[in-house]
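Novice: no sequence on hand, only this structure:
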């Protein structure tokens with residue numbers, strides 16, 4: 001990926017230090033406060049994004065709930081998505097990532113620092129345990145991100161179907177659901193270009209339990225997708 005190489009080259013003087021510190025945090029994640037690790041991740045993320053010739057256009061940061069214990073549900077465009085949302089969100093959060101992504105160097109260490117849960121979609125028992133773990137963590141006041149499509153869209157700014165099962169963790173914890181609309185995130189790593197791009201991150205107003213308590217998870221998935229698609233359509237650059 002040309003853009004990843006650009007990120008590394010433009011930050012070459014810092015990369016060895018960042019890598020050592022990242023690996024240390026990943027191996028000793030319980031020894032450091034979440035805020036300290038997240039501040040470091042945002043620092044590295046910001047420099048990597050700048051080095052990669054990317055501008056993050058953030059909207060709706062004021063919609064992030066003031067109290068912890070909420071969940072982000074963004075559309076999924078590619079490997080850059082989480083990095084874009086880290087840049088947009090000053091509040092620590094973790095992720096539920098699929099097994100295949102959890103083995104990619106750098107992302108593996110980032111996810112370890114975030115104490116992310118890696119899910120194996122082919123292992124039903126393990127997947128159910130991840131759901132139980134996320135429910136426990138959200139109830140304890142940690143914030144999480146789940147991609148309700150389950151896999152990245154192959155159609156750029158056109159999201160795929162949102163899976164109702166992705167919302168079980170939210171309905172079980174009665175937590176705020178925060179839809180996030182990503183626009184042009186796929187262009188960061190999937191186009192082979194290093195030209196300057198703008199990735200839009202729109203953090204939508206949260207849905208609180210009183211609003212969705214009577215919805216079935218499939219209805220909830222459709223509503224969150226509808227809100228995200230509406231924002232994408234209103235802001236996409238043709």
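Specialist: In hand now; what should we look at? Since the model is a prediction, treat every value here as computed from it, not as a measurement. Numbering: from 1, shown residues only.
Novice: what is the rounded mean pLDDT of stretch 185-197?
Specialist: Averaging pLDDT along stretch 185-197 yields 91.
Novice: residues in contact with it?
Specialist: Around stretch 185-197, the neighbours that count as contacts under CB atoms under 8 Å, 6 or more residues apart in numbering are 1-4, 6, 52-55, 77-81, 83-84, 152-153, 156-157, 184, 199. Where you see a C-beta, it was placed from the backbone N, CA and C, and this is true even at glycine.
Novice: buried among those? Need that as a selection in PyMOL.
Specialist: Burial among the contacts of stretch 185-197 is assessed by 16 or more other CB atoms under 10 Å; the matching PyMOL selection reads:
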select buried, resi 3+4+6+52+53+54+77+78+79+80+81+83+84+152+153+156+157+184+199
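Novice: okay, and which of the contacts of stretch 185-197 map to strands?
Specialist: Judged by DSSP state E, those include 54, 55, 199 as members of strands.
Novice: now do the same contact list for residue 88.
Specialist: Neighbours of residue 88 in contact, by CB under 8 Å, 6+ apart: 56, 58, 61, 201, 203.
Novice: tell me how many other residues surround the last one.
Specialist: What it means is residue 203. For residue 203, the neighbour count with other CB atoms under 10 Å is 22.
Novice: which stretches of this protein form strands?
Specialist: So, for the chain - with DSSP E - the strands run 54-59, 71-74, 94-98, 117-119, 144-145, 177-183, 197-203.
Novice: the third one pairs with which strands?
Specialist: Going back to what we said before, that points to strand 94-98. Here strand 94-98 is paired, per DSSP bridges, with strand 117-119 (parallel), strand 144-145 (parallel).
Novice: mind listing what's buried along it?
Specialist: Using 16+ other CB under 10 Å as the test for burial, strand 94-98 gives 94, 95, 96, 97.
Novice: so for it, mean pLDDT?
Specialist: 90.
Novice: next one: the fourth one
Specialist: What strand 117-119 shows for mean pLDDT is 90.
Novice: still on that earlier bit, so which of the contacts of stretch 185-197 are in helices?
Specialist: The helices, defined by DSSP state H, take in 2, 3, 4, 6, 81, 83, 84 from the contacts of stretch 185-197.
Novice: now do the contacts for residue 121.
Specialist: Counted by CB under 8 Å, 6+ apart, residue 121 has contacts 98, 99, 127, 150.
Novice: picking up where we left off before, now tabulate the strands paired with strand 94-98 in a markdown table and tack on mean neighbour count and distance to residue 110.
Specialist: Shown next, in a markdown table, are the strands paired with strand 94-98 (neighbours: other CB atoms under 10 Å; distance: least, CB to CB, whole Å):
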| stretch | mean neighbour count | distance to residue 110 |
| --- | --- | --- |
| strand 117-119 | 21 | 12 |
| strand 144-145 | 24 | 13 |
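Novice: quick one: closest of those to residue 34.
Specialist: strand 144-145 (12.4 Å; CB to CB).
Novice: contacts for that closest one?
Specialist: Residues from elsewhere that reach strand 144-145 (CB under 8 Å, 6+ apart): 71-74, 82, 85, 93-96, 134, 137-138, 169.
Novice: could you identify the most distant pair in the residues you listed?
Specialist: Among these, 74 and 137 lie farthest apart (CB to CB), at 18.6 Å.
Novice: re the thing from before, between the strands of the chain, which gets nearest to residue 33?
Specialist: Per CB to CB, nearest to residue 33 of the strands of the chain: strand 94-98, 13.9 Å.
Novice: off-centre distance for that closest one?
Specialist: The chain centre lies 8 Å from the centre of strand 94-98; the measure is CA atoms, centre = their mean, to the nearest Å.
Novice: filter the contacts of residue 88 to the buried ones?
Specialist: Counted by 16+ other CB under 10 Å, these give 56, 201, 203 as buried.
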